[in-house]
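[1] 3D, please:
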Amino acid sequence: MAASKRLRMRAKMAWLNSLSEASAGALGQLFSTLLLYPLDTSKTRVQACMDSGQSSSPGGSGEGKRASGGKAGSGAGGKKKAKAVPWQEWFLSLYTGIETKALQTLVSQFLFFYTYEYIKRKVKGTGRQINAFDNVLIGMLAGSVNVLITQPLDTYVTMKQSKALLSESGDDDEDDDEDENEKDLENGQVREAKEKRKEKKEEEEEAKIRPYAALGPSLFLSINPGLQYAIFDQVKGVLMRRRAARANAAAGGGGRGKGGTSLSAFDAFILGAISKCIATVVTYPAIRGKVVCQSVHGSKYAGLADAMTKIVQSEGSSGLYKGLPQQLTKTVLSAAIGLMLKEKISQAEKTFAATILKMASKQQK
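    Numbering: from 1, shown residues only. Predicted coordinates:
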C-alpha cells in the first residue's frame, strides 16, 4: 500500500515537473520577447530586405534609397519621404504585431518545453542515460511539434513586421515622381491617393499570406533550439555535478555543504547566451532564407533553396549572413533572459508544488 502511494506520488511529481518546466519556459520567454520586441522587428526588416542598400533606420526609408543608388531623382524623393515619416510613427511601427507575437511565443514555448521535458522523462524511464546527441534529437522533435502547430502565427508576425518594406519598393518610387509633379496644385488629393494606393497594395500582399509558408525551412531549423538546449543542459549538468562534489567534500570535511541542484540567475544568463550564440551562427543562412520566404515579398520565391540562391545572386555570399549582428543581439539576449527567468520561475513552482503535495498527503493520513 505504501509502495503504491509512493509510486503515485512520484508520477504526480514527474507530471508537475514537466508542467513546471513548460510554464516557466513560456513565461520567461514571453517577458523576454516583450522586452526586446523592437529589436525583433528591426532584425526581421534587415533580413527580409533583398536590396543591401536599403535600411529601416528611424526617419524613414529614404536614407536606404539614397544609399542604394537607385534611379535618378530618388534622392530628392527619399528626402521628402524621410520628412513625411515622424520618429513617433517609426517607433510605433517597431511594435507592429506584438500582440500576435506574444500569443505565438506563449504557445510555442509552452509546447516546446512540455514536449521536450515529456520526451526526456519517457527516455529516462527506460533506464537510458541521455547524452548530448540524444538532447539534440529530443530538441528537434519538440521543435518540430512546435513548428507544425504555431507556424501560421510565426508567418503572420513576420509579414506584419516586414510590411514597412512595401514603402521601399520601386512602385512607390514611380508614384512619388508622379506626385511631385502634381504637388503644388493638389497636395491634399495626392496624399489621399497615395494612401489609398499604399493600402491597396498592402491588402494585396496580405491576401497572399500562406499560413505554412517556409514550413520546410522551419522544420529544418528545429535543430536550432535542439542545439541550444542540448548545449545548455550538458554544460548545466557538468556545473551541477562539480558543485555537488564540492559541496559533499566540504560537508565531509566538517564544513556546511550547499546544495548544487540549481543555477544562479547569472549562470543561467551566461549559459543561455553562449548556447544560443553557437546555435544561431551555425544555422544563420537558413534563418535568413526562412525570413525572406515569410516576408511580404515571400511569394516570389519557390522555397528556401530558391531564396538563398537569389540572395547570393543579389548580394553575394556574404548576403547569407546579412543581419547576423541584429539576430545575435536579439536572440542571444532573448534566450539568456528567457532561460534565466525560466530557471528561477521553475524553482519557485517546484517548491510550491512540493509543498502542496506534502500538505495533501498529510491530510490523507
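[2] so where do the helices sit in the protein?
    Assigned by DSSP state H, the helices in the chain fall at 2-35, 37-48, 62-68, 74-84, 87-93, 98-125, 132-161, 170-207, 215-220, 223-252, 265-294, 304-315, 324-364.
[3] Looking at the shortest one now, give me its mean pLDDT.
    Meaning helix 215-220. Within the predicted structure, the mean pLDDT of helix 215-220 is 87.
[4] Kindly report the same for the first one.
    Confidence over helix 2-35, taken as the mean pLDDT, stands at 77.
[5] Let the chain start at 11 from now.
    Yes, from this point I'll number from 11; that puts the last item at helix 12-45.
[6] rewinding a little: mind putting the helices of the chain into JSON lines with mean neighbour count?
    In short, each C-beta sits where N, CA and C put it, glycine included. Rendered in JSON lines, the data for the helices of the chain read as follows (neighbours: other CB atoms under 10 Å):
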{"stretch": "helix 12-45", "mean neighbour count": "17"}
{"stretch": "helix 47-58", "mean neighbour count": "22"}
{"stretch": "helix 72-78", "mean neighbour count": "20"}
{"stretch": "helix 84-94", "mean neighbour count": "17"}
{"stretch": "helix 97-103", "mean neighbour count": "12"}
{"stretch": "helix 108-135", "mean neighbour count": "19"}
{"stretch": "helix 142-171", "mean neighbour count": "20"}
{"stretch": "helix 180-217", "mean neighbour count": "13"}
{"stretch": "helix 225-230", "mean neighbour count": "20"}
{"stretch": "helix 233-262", "mean neighbour count": "17"}
{"stretch": "helix 275-304", "mean neighbour count": "21"}
{"stretch": "helix 314-325", "mean neighbour count": "17"}
{"stretch": "helix 334-374", "mean neighbour count": "17"}
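[7] Return the member of those having the minimum mean pLDDT.
    Ranked by mean pLDDT, these end with helix 72-78 at the bottom, a mean of 40.
[8] quick one: residue 35 and residue 246, what's the gap?
    The span separating residue 35 from residue 246 equals 14 Å under the rule CB to CB, to the nearest Å.
[9] I meant to write residue 46 there.
    From residue 46 across to residue 246, the span is 23 Å (CB to CB).
[10] now do residue 123
    Applying CB to CB, one obtains 15 Å for the distance of residue 123 from residue 246.
[11] need the contact list for the closest residue to residue 242 other than its chain neighbours.
    The shortest distance from residue 242 to any non-neighbouring residue, by CB to CB, 6 or more residues apart in numbering, is to residue 285 (4.3 Å). Residue 285 makes contact with 237-239, 241-242, 245, 345 under the criterion CB atoms under 8 Å, 6 or more residues apart in numbering.
[12] could you dump the residues you listed to CSV with distance to residue 327?
    Converted to CSV, the contacts of residue 285 look like this (distance: CB to CB, whole Å):
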residue, distance to residue 327
237, 23
238, 25
239, 30
241, 27
242, 31
245, 32
345, 27
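[13] from those residues, which is closest to residue 129?
    The closest of those to residue 129 turns out to be residue 239 (CB to CB; 11.7 Å).
[14] and the closest residue in space to that closest one that isn't next to it in sequence, what does it touch?
    Beyond its immediate neighbours in the sequence, the residue positioned closest to residue 239 (CB to CB, 6+ apart) is residue 149, lying 5.0 Å away. When contacts are counted by CB under 8 Å, 6+ apart, residue 149 touches 126, 232-233, 235-240.
[15] tell me the phi and psi of residue 137?
    Here is the backbone geometry of residue 137 (degrees, to the nearest 10): phi 90, psi 0.
[16] That one: what's it in contact with?
    For residue 137, no residue meets the contact criterion (CB under 8 Å, 6+ apart).
[17] and it, how far is that from residue 297?
    Counting by CB to CB, the separation of residue 137 from residue 297 is 37 Å.
[18] for stretch 234-245, the distance to its chain's centre please.
    Between the centre of stretch 234-245 and the centre of its host chain there is 16 Å, according to CA atoms, centre = their mean, to the nearest Å.
[19] now swap in stretch 129-149 and tell me
    For stretch 129-149, the distance between its averaged C-alpha position and the chain's averaged C-alpha position is 25 Å (CA atoms, centre = their mean).
[20] For that stretch, C-alpha coordinates in PDB please.
    Included here for stretch 129-149 are C-alpha records, laid out as PDB according to Å, rounded to 0.1, in the frame of the first residue of the first chain:
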ATOM      1  CA  ILE A 129      10.200  13.000 -24.100                       C
ATOM      2  CA  LYS A 130      13.200  13.300 -21.700                       C
ATOM      3  CA  ARG A 131      11.100  11.800 -18.900                       C
ATOM      4  CA  LYS A 132      10.000   8.900 -21.100                       C
ATOM      5  CA  VAL A 133      13.500   8.200 -22.200                       C
ATOM      6  CA  LYS A 134      14.900   8.300 -18.700                       C
ATOM      7  CA  GLY A 135      12.100   6.000 -17.600                       C
ATOM      8  CA  THR A 136      13.600   3.300 -19.800                       C
ATOM      9  CA  GLY A 137      16.800   3.500 -17.900                       C
ATOM     10  CA  ARG A 138      18.700   5.100 -20.800                       C
ATOM     11  CA  GLN A 139      21.400   7.700 -20.000                       C
ATOM     12  CA  ILE A 140      20.700  10.800 -22.100                       C
ATOM     13  CA  ASN A 141      23.800  12.200 -23.800                       C
ATOM     14  CA  ALA A 142      24.400  15.300 -25.900                       C
ATOM     15  CA  PHE A 143      23.300  13.700 -29.200                       C
ATOM     16  CA  ASP A 144      20.000  12.500 -27.500                       C
ATOM     17  CA  ASN A 145      19.400  16.000 -26.300                       C
ATOM     18  CA  VAL A 146      19.700  17.400 -29.900                       C
ATOM     19  CA  LEU A 147      17.300  14.800 -31.200                       C
ATOM     20  CA  ILE A 148      14.800  15.400 -28.400                       C
ATOM     21  CA  GLY A 149      15.100  19.200 -29.000                       C
END
